[in-house]
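generate coordinates for the sequence data below:
(2 chains)
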Amino acid sequence: AQKITQTQPGMFVQEKEAVTLDCTYDTSDPSYGLFWYKQPSSGEMIFLIYQGSYDQQNATEGRYSLNFQKARKSANLVISASQLGDSAMYFCAMRELYNTDKLIFGTGTRLQVFP
Amino acid sequence: GAVVSQHPSWVICKSGTSVKIECRSLDFQATTMFWYRQFPKQSLMLMATSNEGSKATYEQGVEKDKFLINHASLTLSTLTVTSAHPEDSSFYICSARDRTASNQPQHFGDGTRLSIL
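Residues are numbered from 1 along each chain as shown, chains lettered A, B, ... in the order given. Model prediction:
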């Protein structure tokens, strides 16, 4: 069965510094997709970045980058130059590409950015 | 702008009431939509997959008769919490994906906070 693990319940980072949020996954399917979503206190889920299992390069989207280590089954999110507005819950999720579009979510990491 | 619209944002009602939540895909057709439930400080738990024109697929442990799902058109899925009780109070959120574009992510509605008194 597929599984997503986020071992950091909470993280603190100072404004303008970089932070890494950990995510490991387990699946027997060779084709899958990995996602990171941000959930502010208002509740909406905001898509940040996507990495396909066959992508050769690590995904990047502005200040977000994904450190994809396929052999280790990890997909850590790196946020560079943290901003106060980055304070939120962050969820890692996985989708098996040859299955339905179902997403399985990790337990999340609460990021607090301080001045 | 939002690609998935969810309504209402907040519902407060008495125990025993049935509550309907709508999820609409904007600018794209969604043959499949997903309904999640989230308790405070917890992750999203998939409740069911809403399939246009056919029955929903429920995850293990989710009561079909309690959470009625209807996906009557390619842009609208509804979740009805029947005879709601305080333990049904939660944050419900839907998602959909534009399958015509490759590697499109699931887009989520803004969620519905349901409080049963």
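
which residue does chain A have closest to chain B?
In chain A, no residue comes nearer to chain B than A:Met45, which is 3.8 Å away by Cβ to the nearest Cβ. Placement of C-beta: from N, CA and C, glycine included.

mind giving me the packing neighbours of the helix or strand that contains A:Ala93?
Secondary structure from DSSP states H and E places A:Ala93 in strand A:88-96. Judged by 3 or more Cβ pairs under 8 Å, 6 or more residues apart in numbering or on different chains; DSSP states H and E, strand A:88-96 is in contact with strand A:3-5, strand A:32-39, strand A:74-79, strand A:104-105, strand A:109-114.

close to chain B, is the fourth one?
Same thing as strand A:104-105. Yes - Strand A:104-105 is in contact with chain B by Cβ under 8 Å from any Cβ of the partner chain, via A:Ile104, A:Phe105.

in space, what's closest to the closest residue to chain A within chain B - neighbours in sequence excluded?
In chain B, the residue found nearest to chain A is B:Phe108; the distance is 3.8 Å by Cβ to the nearest Cβ. Nearest non-adjacent residue to B:Phe108, counting by Cβ to Cβ, 6 or more residues apart in numbering or on different chains: A:Met45, 3.8 Å away.

and the one you found, what is it in contact with?
A:Met45 is in contact with A:Tyr37, A:Lys38, A:Gln39, A:Phe91, B:Leu44, B:Ile93, B:Ser95, B:Phe108, B:Gly111, counting by Cβ atoms under 8 Å, 6 or more residues apart in numbering or on different chains.

go through stretch A:6-17 and flag the buried ones.
For stretch A:6-17, the neighbour count (16 or more other Cβ atoms under 10 Å in any protein chain shown) marks A:Gln6, A:Gln8, A:Met11, A:Val13 as buried.

go on, stretch B:29-47?
Of the residues in stretch B:29-47, B:30-38, B:43-47 count as buried by neighbour count, 16+ other Cβ under 10 Å.

CA atoms of that stretch as PDB?
Only the C-alpha atoms of stretch B:29-47 are listed here, as PDB (Å, rounded to 0.1, in the frame of the first residue of the first chain):
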ATOM      1  CA  GLN B  29     -15.000  19.300 -17.200                       C
ATOM      2  CA  ALA B  30     -14.400  16.900 -14.400                       C
ATOM      3  CA  THR B  31     -15.500  13.300 -14.800                       C
ATOM      4  CA  THR B  32     -14.100  12.600 -11.400                       C
ATOM      5  CA  MET B  33     -14.100  14.700  -8.300                       C
ATOM      6  CA  PHE B  34     -12.900  13.800  -4.800                       C
ATOM      7  CA  TRP B  35     -14.300  14.600  -1.400                       C
ATOM      8  CA  TYR B  36     -12.000  14.900   1.600                       C
ATOM      9  CA  ARG B  37     -12.600  15.400   5.300                       C
ATOM     10  CA  GLN B  38     -10.200  17.100   7.700                       C
ATOM     11  CA  PHE B  39     -10.400  17.200  11.400                       C
ATOM     12  CA  PRO B  40      -8.600  20.000  13.300                       C
ATOM     13  CA  LYS B  41      -4.800  19.700  13.200                       C
ATOM     14  CA  GLN B  42      -5.000  16.600  11.100                       C
ATOM     15  CA  SER B  43      -4.400  15.600   7.500                       C
ATOM     16  CA  LEU B  44      -7.000  15.300   4.700                       C
ATOM     17  CA  MET B  45      -8.700  11.900   4.600                       C
ATOM     18  CA  LEU B  46     -10.200  10.800   1.300                       C
ATOM     19  CA  MET B  47     -13.900  10.000   1.800                       C
END
